[in-house]
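S.K.: Here's a sequence, model it:
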Amino acid sequence: MAVLITGGTGFVGSELAHILVNKDDDVVLFDVTPNYDRISDIHDKVKIAQGNLANWPEVFNVVRDYSIEGIYHLGGMLSVPSNTNPWASFQVNVVGMVNILEAARLLGISKVIFTSTLSTYGLDCSSVITDTTLQRPTTMYGCGKLYCESLGRFYRSKFGLDFRSVRFPSVIGPGVRTPGVAQWNAWMIEYPALGKPFECYVSEGTKCPVLYFKDAARSVDMIYHAPAEKIKTVNYNVAGVVPTRTAKEIEQIVNKYIPESHISYRPDPDVMNYFRTSTVDIFDDSKAREEWGWQAMYSDFDKVVLDFIEEIRDRPDNNGIV
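M.R.: Next up, the predicted model:
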């Protein structure tokens, strides 16, 4: 029996694949456009199935043909592409989720883990978000993810499917090229590490909660293996770096380890407009800590920077660094 990772050659999916391969799990990676660079060192230890989450037969076939027993559902369209093309986002993120849950129901899959997002929160949020904060998303990405959280909870109660999910803040790490309002957190480290100047598109005082990609992958694996009796909240916030750092504070930390770094600021009006309405400072994950023992390994930004630099130096191909 094998486990399936949708979005398996993506940013977090490929890191999760490394974790599972190191535990000698039988791993199948499902992706619409496989990124072979990210799994170049484990390519011969995983199976790769190319397919589209929005296409029901492709989802059903991969679950059936590979004798899947558990699913890590990480695949989907990200925030900026989802807002640009909400119709495609609905098909991939929402219909894709229905396809995953139906395949699990019909084929007797024991467990489905889903990755959700801080973006399920939105209107009138305070600086502190907990698992019980009212979720009123303002983006297509957040709307789709919130529906999927609720749909998974329904399948759990209606059909007895062991559905669990984690909500990520902005996930950062090396080699990500997908545009996003919070990508500056990663690029403020990556560009200097590569000897390049970086013009930050937010103001020095801008900040948003972030989670290092290794912790993101760890959290998904941890909740998969948590005892069933521990899962009570079902959909959990998962926090990373504490406290949340401003762009200027990140610059100062980067300068400690890369003294020759050159970071300047040219705030983008559209991005700054987003941060005027998004004022989250604390992404409270106490339920995940209490119920299944979550704790970030990279809660200190200094540790993030040091590991980030090491990743660029030691695994440039895996991280898409050219």
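
S.K.: Let me know whether Ala193 touches Ile309 as I believe.
M.R.: Yes - contact criterion Cβ atoms under 8 Å: Ala193 and Ile309 qualify, at 5.0 Å. Yep, even glycine has a C-beta here, placed from its N, CA and C like the rest.

S.K.: list residues touching both of those two?
M.R.: Ile258 (Cβ atoms under 8 Å, 6 or more residues apart in numbering).

S.K.: where do the strands sit along the chain?
M.R.: Along the chain, counting by DSSP state E, strands occupy 2-6, 27-31, 47-50, 68-73, 111-117, 128-129, 162-168, 170-172, 198-200, 210-212, 235-237, 263-265, 282-283.

S.K.: quick one, which of those strands is nearest to Trp184?
M.R.: The closest of the strands of the chain to Trp184 is strand 198-200. By Cβ to Cβ, the value is 5.2 Å.

S.K.: strand partners of the closest one, parallel vs antiparallel please.
M.R.: strand 263-265 (parallel) (DSSP bridges).

S.K.: roughly how far is the strand it pairs with from the heart of the chain?
M.R.: Averaging C-alpha positions (Cα atoms, centre = their mean, to the nearest Å) puts strand 263-265 27 Å from its chain's average.

S.K.: Can I get the strands of the chain in JSON lines including mean pLDDT, mean neighbour count and distance to Asn319?
M.R.: Listed next are those as JSON lines, based on pLDDT from 0 to 100; neighbours: other Cβ atoms under 10 Å; distance: least, Cβ to Cβ, whole Å:
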{"stretch": "strand 2-6", "mean pLDDT": "98", "mean neighbour count": "24", "distance to Asn319": "18"}
{"stretch": "strand 27-31", "mean pLDDT": "98", "mean neighbour count": "26", "distance to Asn319": "17"}
{"stretch": "strand 47-50", "mean pLDDT": "98", "mean neighbour count": "16", "distance to Asn319": "19"}
{"stretch": "strand 68-73", "mean pLDDT": "98", "mean neighbour count": "23", "distance to Asn319": "20"}
{"stretch": "strand 111-117", "mean pLDDT": "98", "mean neighbour count": "24", "distance to Asn319": "20"}
{"stretch": "strand 128-129", "mean pLDDT": "96", "mean neighbour count": "18", "distance to Asn319": "30"}
{"stretch": "strand 162-168", "mean pLDDT": "98", "mean neighbour count": "24", "distance to Asn319": "19"}
{"stretch": "strand 170-172", "mean pLDDT": "95", "mean neighbour count": "25", "distance to Asn319": "12"}
{"stretch": "strand 198-200", "mean pLDDT": "96", "mean neighbour count": "18", "distance to Asn319": "17"}
{"stretch": "strand 210-212", "mean pLDDT": "97", "mean neighbour count": "26", "distance to Asn319": "13"}
{"stretch": "strand 235-237", "mean pLDDT": "98", "mean neighbour count": "24", "distance to Asn319": "27"}
{"stretch": "strand 263-265", "mean pLDDT": "97", "mean neighbour count": "16", "distance to Asn319": "21"}
{"stretch": "strand 282-283", "mean pLDDT": "96", "mean neighbour count": "20", "distance to Asn319": "25"}
